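[1] just the structure for this:
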Amino acid sequence: MKFSQIYRQAIHFWPEVIVVADGIPGNKGGYKFPKLTAIWDSIEERAGSEDDRVQLALWCMYQAFHTEARKIHSSGAAMLRPSDIPPSIVESFLAENLKVEGWAQHAAPYENDVESLK
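    Below is the predicted model:
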C-alpha cells in the first residue's frame, strides 16, 4: 500500500484544529496534552475496524502532532492544525514504526510516495 493512500484514509479521523494550550510540561522535557490525548483515545476507539496500516498511520500522526504541539506550545501558540504538519513528518514516524518487531509483514508491501502529496 502506498503512503499517500494510508495518509488520506487516516487524516480524516483528526479534527481540523486541536487545542494545545492545555499543555503541561512534565519530567525530563516531556509534555502532556490532555485534549490531544482525549482526541487520540477517541480515534483509537473509532478506528478499531480499520486496516492495520491505517491504525499505525493514526498512531504515527499522534506522534507527529504531539511533537509539533510541544514546539508550538513552547512558542506560545494555542492551536495545532493537523493539515499544517507536513506529511513527510508523519511518514518518517511510519517508516520508523514499520521497523518495530511485528510490523515486518506490513513493511514489505509499503511504498513511500510522500512526494505525491505535495
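[2] where's the residue positioned nearest the centre of the chain, which helix or strand?
    Centroid check for the chain by Cα atoms, centre = their mean gives Met61 as the closest residue, at 0.6 Å. Using DSSP states H and E, Met61 falls within helix 52-74.
[3] list the buried ones in that helix?
    Of the residues in helix 52-74, those with enough neighbours to count as buried (16 or more other Cβ atoms under 10 Å) are 53-66, 68-70, 72-73. To be clear about C-beta, it is placed using only N, CA and C from the backbone, and glycine gets the same treatment.
[4] quick revisit: what's the spacing between the residue nearest to the centre of the chain and Thr37?
    The spacing between Met61 and Thr37, counted by Cβ to Cβ, to the nearest Å, is 13 Å.
[5] same question for Gln63.
    According to Cβ to Cβ, Gln63 and Thr37 sit 12 Å apart.
[6] kindly report the same for Ile18.
    Computed as Cβ to Cβ, the Ile18 to Thr37 distance reads 10 Å.
[7] ok, now Glu91?
    Note on Glu91: its distance to Thr37, by Cβ to Cβ, is 23 Å.
[8] what does Gln9 give?
    Taken as Cβ to Cβ, the span from Gln9 to Thr37 is 22 Å.
[9] repeat for Leu94
    Using Cβ to Cβ, Leu94 is found at 20 Å from Thr37.
[10] so what secondary structure elements neighbour the lowest-mean-pLDDT helix or strand in the chain?
    The element with the least model confidence among the helices and strands of the chain, by mean pLDDT, DSSP states H and E, is helix 104-107, at a mean of 73. Under the contact criterion of 3 or more Cβ pairs under 8 Å, 6 or more residues apart in numbering; DSSP states H and E, helix 104-107 touches helix 52-74.
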